[in-house]
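*Asks:* With the input below, show me the fold.
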Amino acid sequence: MTDSAPSQTAAGTSVLQLSHSQPPVSQPATPRSASQLPRPITVLINTNSRRGKMLFRPAIQALRREGVVIAQAHAMKSREHTERILRSEIEMGAQLVIVGGGDGTLSTVADILVHSEVAMGVLPLGTGNTFVRSIGLPVDVDEAARVIAHGHIEAIDVGRVNQQIFLNSVSLGLSAEIASALDKRTKKRLGMLAWPIVGARVVWKHRPLMARIIADEKTLSVRTHQLLIVNGRYVAGPIAAAPGATVQDSSLDVFTLGGASHQSLAKNTLDWLRGRHVDTIGSKYFTTRKLHIEALRKPLRANVDGEVNETTPLDIEVLPAALRVVVPHDFDAGTA
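*Replies:* Reported below is the predicted structural model:
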């Protein structure tokens, strides 16, 4: 796919041109006012995401039906492509970037927008749409477009691991091994079901990790199958990270799911799904603003918002109110 670019009419007015593989989407004759969204507005959609290619045109139509005036729309093909186009759009004056894709795509964009005045809107085009849920957006594209059009901008927390920005979580152990075993074709075909299906093949062969966690609040050594460091309200789609966890609490939730046995992993995972893991014997839980993780045996791979791209040692911190995002008009981070 090629990038979109504005062409000039005889009167000199810019007209949006979408990628050559997508038919142009006409602007409504009389678009409704879309709240007070900053302009110019750019749309970036990852067409390699599970639903991005199929919903590229419908997503743009949905935004325009709600009165969102789009200056540019781009179909993204890779992380490098996304970064290049995004930086170019910012240089050209974009004030709001609406992003459609999975959590990895959103983190890529956030990495560039953090600590800037450029805001981010989100279209739910991923598999789990974890970040979408943390900021209170519906997972239906049409409904999300409506919320974006009539929402407002708030500053939310992001996490940083070894200089890489993340929105949801960093995990070590079983989830990182499952993510490594997941191929893109299976993930696109099965969606969220791919995780338990592949996980069932990985879990019984998995050996517990050994790591030391160093934070201002405490230092501890853990032997566990799963260690999570969470910034937002949710993990892995609709699973709540911990009671009270939000994207505006200026802290990270750190916890393990059981100890070294598969039985404790199963029990503590069930407790987590029920929201009881904070007080469960066998799980380690605390909140902090900054921590360091080092492996006690072999180096450990880390899953960062769905991408296994970091290895211990890890320096992780929360950046409070570092990213401006479009949220529902009645947004409450504690009840999203």
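*Asks:* going forward, measure contacts between C-alpha atoms and count neighbours the same way
*Replies:* Will do.
*Asks:* from memory residue 238 sits against residue 132, does it?
*Replies:* No: contact criterion CA atoms under 8 Å: residue 238 and residue 132 do not qualify, at 9.9 Å.
*Asks:* Same drill for those two, tell me which one is more crowded.
*Replies:* Using other CA atoms under 10 Å as the criterion, residue 238 and residue 132 rank with residue 132 on top: 26 against 16.
*Asks:* which stretches of the stretch 1-150 of the chain form strands?
*Replies:* 7-8, 14-15, 41-46, 72-76, 96-101, 119-124 (DSSP state E, counting those that start in this stretch).
*Asks:* tell me, which of those is the model least confident about?
*Replies:* Of all these, the minimum mean pLDDT falls on strand 14-15 (a mean of 29).
*Asks:* Now do the contacts for residue 36.
*Replies:* Residues in contact with residue 36, defined by CA atoms under 8 Å, 6 or more residues apart in numbering, are 150, 152.
*Asks:* distance of it from residue 253?
*Replies:* Separation of residue 36 from residue 253 (CA to CA, to the nearest Å) stands at 34 Å.
*Asks:* Just checking, which helix or strand of this structure averages the lowest pLDDT?
*Replies:* Ranking every helix and strand in the chain by mean pLDDT, DSSP states H and E puts strand 14-15 at the bottom, with a mean of 29.
*Asks:* Could I get the phi/psi values of residue 250?
*Replies:* phi 60, psi 30 (degrees, to the nearest 10).
*Asks:* burial of it, as a residue count?
*Replies:* When neighbours are counted by other CA under 10 Å, residue 250 registers 21.
*Asks:* Reformat the strands of the stretch 1-150 of the chain as TSV; add distance to residue 57 and mean neighbour count.
*Replies:* Listed next are those as TSV, based on distance: least, CA to CA, whole Å; neighbours: other CA atoms under 10 Å:
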stretch	distance to residue 57	mean neighbour count
strand 7-8	19	10
strand 14-15	16	15
strand 41-46	10	25
strand 72-76	10	25
strand 96-101	11	26
strand 119-124	13	27
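*Asks:* could the ones you listed go into a markdown table alongside distance to residue 144?
*Replies:* Shown next, in a markdown table, are the strands of the stretch 1-150 of the chain (distance: least, CA to CA, whole Å):
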| stretch | distance to residue 144 |
| --- | --- |
| strand 7-8 | 29 |
| strand 14-15 | 25 |
| strand 41-46 | 14 |
| strand 72-76 | 17 |
| strand 96-101 | 11 |
| strand 119-124 | 6 |
